[in-house]
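Enquirer: Give the three-dimensional model of this entry:
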Amino acid sequence: MPNLEASEQQKDGGDVAAPSQPRPVIATIAFSAEAQRWERTQDQTRLTSRLLRILSRIRLGTFGLIEEEAAHGRAILLAPIYMGLGAIFWFKAGSDPPPQAVLAGLLVFSSGFALMREAGRLLRHVLFAGMLLCLGMALAQCESWRVSTVMLDSAVTTTVTGQIERRESYDNGRWRYVVRVEATEKPSIHRAPRRVTIFVRKQAEPFDLGDRVQGRARLTPPAGPALLGLNDFAFSSYFNGIGANGFAYGTPKLLSPASDNVAGSLMDAADIWLASLRNSIGDRIRQTLPGDTGAFAAALVTDERRAISKDTTEALRIAGLTHIIAISGLNMALSAGIFYVGLRYLFSLFPGVAQAWPTKKFAAFGALLTVTAYYLISGFGVSAERAFIMMAIMLVAVLFDRPSISLRNVALSAIIILVLSPSQVLGPSFQMSYAATLALVSGYSLWKRRRHRESILSRVRLLSPLLFATRFFAGVMSTSFIGGASTAIFSIEHFHRLATYGLAANLAAMPVVSFIVMPFGMAAMLLMPFGLDGPFWKVTGEGLELVIVIARTVAGWGGDITFGRQPAWLMPTFIVGFLIMSILRTRLRHLGLLLLLSSVGLAAFGSGVPKPDLMISEDGVLVALRQDDILATNRERPQAFIFEQWQKALVAAEHQPPTMLPADSRLPQISKTDRHKRLNGEEQKAVRKAMEEALDRTMQGSFACQKGAWCAAMLENGAILVTIENAAYLPSACDTANIVVTPIRLRLDHCRSGAMLITGATLRKTGSIEMALTADKPIISAAFENPQRPWTRHRTYDWRTGKFDVPLARVSPAADNSPVSDSDE
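Expert: Residues are numbered from 1 along each chain as shown. This next block holds a predicted model:
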């Protein structure tokens, strides 16, 4: 471009000869535009090249970090994750995955992983993950086959004869027994569960384990979720072997004492002996320390927490101190640590023995025996099982001169639990205990890899006590913060609440637990066989009394924040971020923190889970309408077990009871036992008119009730809701309302008038129901879409035919409106 260069030089004052012919103006403008486009193209090319270099550098750096992570040999840490994912997939599936397909997948992936040793690292890892996913599914299937708990299909009042296998006391004088059922009569249950829990009120002298008893009891199936996505108690009952819950009418009769009954097997005899030992220990502690202090001390040893009063339990929960009464890693670590350090100190008093023998291993073996005995008398809870396995692995590692605190030990204990009982992976105890343990061990690893700088103050001997106290409280603060932060999302997901002052409560309570409660409690346990434990339990009780005072003081500050149901994506996203941040060692772990914070931020500032306007319990007895943070119910005293779950899940603090109408002599009088009465036309007209008048007496969104008969409410979308307690009111309710709810099992599932009918029979298969009221028609969500899993299949059983999956008959209300009740059995 000589002309362009000449013109530029001329502008700068250069001596350049003028062109012989002047260039046209249009050509000059076009040439300048072309030059600008060329320069822009060059800029874009340079920018693209720079971005490609940056992306290439990121890719190479990422692959380098992945290679570095793989070089650490941490595949063992992913093994329990893949196994747990397989188990979760099996438990969450709508129906049982075909066992043949699971076994075939396990064989294919296992064979590929074993034979393709020379394959690439990525393919090997895919085969490894697939093998463990299928293994987790297979273990879940095997556990379901192994327990095969027979679940009671419907509520029934019957006479139960059985043997006491477990017992537990309550603070209000009640006793909870686990009874192995031998027979039922009046009526005889066709599919009787093998084990049931029965509550007995105000029994002065409890039954001994092994006693054969007989008594009249009301038995009900284990409860399902109170709302979609909430805790399914039937799931845990199935895998715990409990087929029904109930209460006794009066005190059952003792048929024969335990001494006259022969145990079925050696394992049963050993189980009963351990349970008897646990009960005797708990009784002795509660006799020495009465009240909540004794119940608290017994819970630390035997894991019997129900004897602690409700007020104290709530104070501990609000203060974030419930982990103390759960036999978990804290209790196991303190007991093992106290015994280990005490035994090593005892050996140090004899220099010759300490120099000639491996006293460290002797102390570790003694501590292992201690935690084993602790686990045997603790009741085999999930947290105790996890803590025992962790501590056993750590102490065995000491015996073999291996690192005791490591993520591999955590992974190994998780693998053992998943092999033994994979159903625990869905429980809050498993999730929270492993989240806290994983976070603490990972934080300890980072702390060990830090640059160590010796402080000048550490050389001053006079400041040693101050430095020790500072380090102790700093350790308590850091462990409390890490443990609380790592389990916060699980507390919100499972319990819909979070204790915000847990850090302050733990700072005040943990020194008391560490230096008073656990040491003196261990000494009392060691001296109990000799009858010298009394004074030590007194000191332990003083420490626990101080812990209770701290809990009540912190609980008085408030700080118990209630959260509603969270989006379904939050927990998986949080767990993925948490695992990345805890397991990885390179800078890739920062991606986990980013994912964790972003998921929590989206959940906090997002729209959240839509709240229903109408809720119906799975038995049809309790119905509630929601307006903002107010729940209006059809019961003056709603069932606390269901209603409290609704309050927490929907963040509804206030309860609005129904307006109770005065008795009306114009209405027909129907007793609860008269389930087959039919109303004539005049009586139906009178009931319908009373329902319409009741709607005029109450405001929109609340109930007006005729006690023992029916309730009516006007919904926000203009529809009318009526709940009835007797099938005789069904024609009037169908003619008056748009939605009719009754707990009675009718032989029909729709109203002749076209109104929606929800009965005990339909609720039995759907579980609890929630509705979002719209102008067109309500949007219905049921707890169960297809109750065909082992822990829900009992809902589809018909005792009359002895078959499952019996469809509901569709008949008109006029043909047959007689209820179908369990007591007919």
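Enquirer: Just the residues contacting the helix or strand hosting Ser599, thanks.
Expert: Per DSSP states H and E, Ser599 falls inside helix 589-605. With CB atoms under 8 Å, 6 or more residues apart in numbering as the test, helix 589-605 has contacts from 489, 566-567, 569-570, 573-574, 576-584. For every residue, glycine as well, the C-beta is placed using N, CA and C.
Enquirer: let's see it at 10 Å
Expert: 62, 65, 69, 442, 446, 488-489, 492, 563, 566-567, 569-584, 609 (CB atoms under 10 Å, 6 or more residues apart in numbering).
Enquirer: Among those residues, name the buried ones.
Expert: By neighbour count, with 16 or more other CB atoms under 10 Å, the contacts of helix 589-605 hold 65, 69, 442, 488-489, 492, 563, 566, 570-571, 573-584, 609 as buried.
Enquirer: among the residues you listed, which are in helices?
Expert: Per DSSP state H, helices hold the following members of the buried ones among the contacts of helix 589-605: 65, 69, 442, 488-489, 492, 570-571, 573-583.
Enquirer: Give me the average confidence score over the helix holding Ser599.
Expert: The average pLDDT for helix 589-605 rounds to 87.
Enquirer: how about the longest strand seen in the chain: buried residues?
Expert: For the chain, the strand that runs over the most residues, judged by DSSP state E, is strand 156-169. For strand 156-169, a neighbour-count test (16+ other CB under 10 Å) marks 156, 158-169 as buried.
Enquirer: again, but for stretch 604-620
Expert: Buried-residue list, stretch 604-620, by 16+ other CB under 10 Å: Val609, Lys611, Pro612, Asp613, Leu614, Met615, Ile616, Ser617, Glu618, Asp619, Gly620.
Enquirer: can you give me how far it is from the chain middle?
Expert: Computed by CA atoms, centre = their mean, to the nearest Å, the chain-centroid distance of stretch 604-620 equals 19 Å.
Enquirer: can you give me the end-to-end distance of that stretch?
Expert: For stretch 604-620, the first-to-last residue distance is 34 Å (CA to CA, to the nearest Å).
Enquirer: check contacts around the closest residue to Leu661 other than its chain neighbours.
Expert: Leaving aside its sequence neighbours, Leu661 sits nearest to Gln706 (CB to CB, 6 or more residues apart in numbering; 5.2 Å). When contacts are counted by CB under 10 Å, 6+ apart, Gln706 touches 658, 660-664, 667, 687, 690-691, 694, 712, 724-725, 729.
Enquirer: Need phi/psi at Gln706.
Expert: Phi and psi for Gln706, reported as degrees, to the nearest 10, are phi -100, psi 110.
Enquirer: pLDDT wise, what is it at?
Expert: At Gln706, pLDDT is 91.
Enquirer: hey, what's it bridged with?
Expert: Going by DSSP bridges, Gln706 is paired in beta bridges with Trp710.
Enquirer: Show me the helices in the stretch 451-600 of the chain, by range?
Expert: 464-495, 502-512, 518-527, 534-556, 570-583, 589-605 (DSSP state H, counting those that start in this stretch).
Enquirer: Which segments of the chain make up each domain?
Expert: Following automatic domain parsing, the chain resolves into domains at 2-69, 75-146, 156-262, 280-430+500-562, 570-605, 614-824.
Enquirer: Ends of the fifth one, what's the gap?
Expert: From the first residue to the last, domain 570-605 extends over 13 Å; the measure is CA to CA.
Enquirer: which regions of the stretch 651-800 of the chain sit below the pLDDT cut-off?
Expert: 672-676 (pLDDT under 70).
Enquirer: repeat that with 80
Expert: Applying pLDDT under 80 to the stretch 651-800 of the chain picks out residues 653, 664-666, 668-677, 749, 775-776, 785-786, 799-800.
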